[in-house]
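Trainee: Sequence plus the predicted model coming up.
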Amino acid sequence: MTQEDIIKEIGSLPPEGQRQVIDFIAFMRQRYSRSPLAEKTVVDLRSEAFIGMWRDREDLADSSEWVRRVRQSEWAQ
């Protein structure tokens, strides 16, 4: 199908159908456009404040046990 055929097909649709085609084209353009978020970014996580923020929490030494205790105390009421 050529571009001219596509234009004719779109033109043969009722106005609502044409709006839907235009919306779909906008969706596809957005989906396949290169956004800054799509590009790989290297981040040094060691410099982020949240890394190690629970390092000194003794109650989290065994995270599985901590989750069990929280579930038991919060959900078994």
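Mentor: Good, I have the coordinates.

Trainee: Pull the distance from the helix or strand in which Met28 is found to the chain's centre.
Mentor: Element membership of Met28, judged by DSSP states H and E, is helix 15-32. Going by CA atoms, centre = their mean, to the nearest Å, the spacing between the C-alpha centre of helix 15-32 and its chain's C-alpha centre is 21 Å.

Trainee: Show me what it is packed up against.
Mentor: Under the contact criterion of 3 or more CB pairs under 8 Å, 6 or more residues apart in numbering; DSSP states H and E, helix 15-32 touches helix 3-11. C-betas here are computed from N, CA, C, even on glycine.

Trainee: in stretch 50-67, what's buried?
Mentor: Residues of stretch 50-67 include none that count as buried (16 or more other CB atoms under 10 Å).

Trainee: start to end distance for it?
Mentor: One end of stretch 50-67 sits 20 Å from the other (CA to CA, to the nearest Å).

Trainee: who's in contact with it?
Mentor: Residues outside stretch 50-67 that contact it (CB atoms under 8 Å, 6 or more residues apart in numbering) are Leu45.

Trainee: Please repeat the previous calculation with a cut-off of 10 Å.
Mentor: With contacts defined as CB atoms under 10 Å, 6 or more residues apart in numbering, stretch 50-67 is touched by 44-46, 68-70.

Trainee: So which of these sit within strands?
Mentor: Judged by DSSP state E, the subset of those located in strands is empty.

Trainee: Drop anything exposed from those residues.
Mentor: Buried among these by 16+ other CB under 10 Å: none.

Trainee: which one of those residues is nearest Glu9?
Mentor: Leu45 (50.5 Å; CB to CB).

Trainee: quick one, what contacts that closest one?
Mentor: Residues in contact with Leu45 (CB under 10 Å, 6+ apart) are Ile51.

Trainee: Report the separation between it and Arg57.
Mentor: Relative to Arg57, Leu45 is positioned 19 Å away (CB to CB, to the nearest Å).

Trainee: in the chain, what spans have low per-residue confidence?
Mentor: Along the chain, the model assigns pLDDT under 70 to residues 35-39, 77.

Trainee: one more time with 90
Mentor: For the chain, applying pLDDT under 90 flags the ranges 1, 30-63, 66, 69-70, 72-77.
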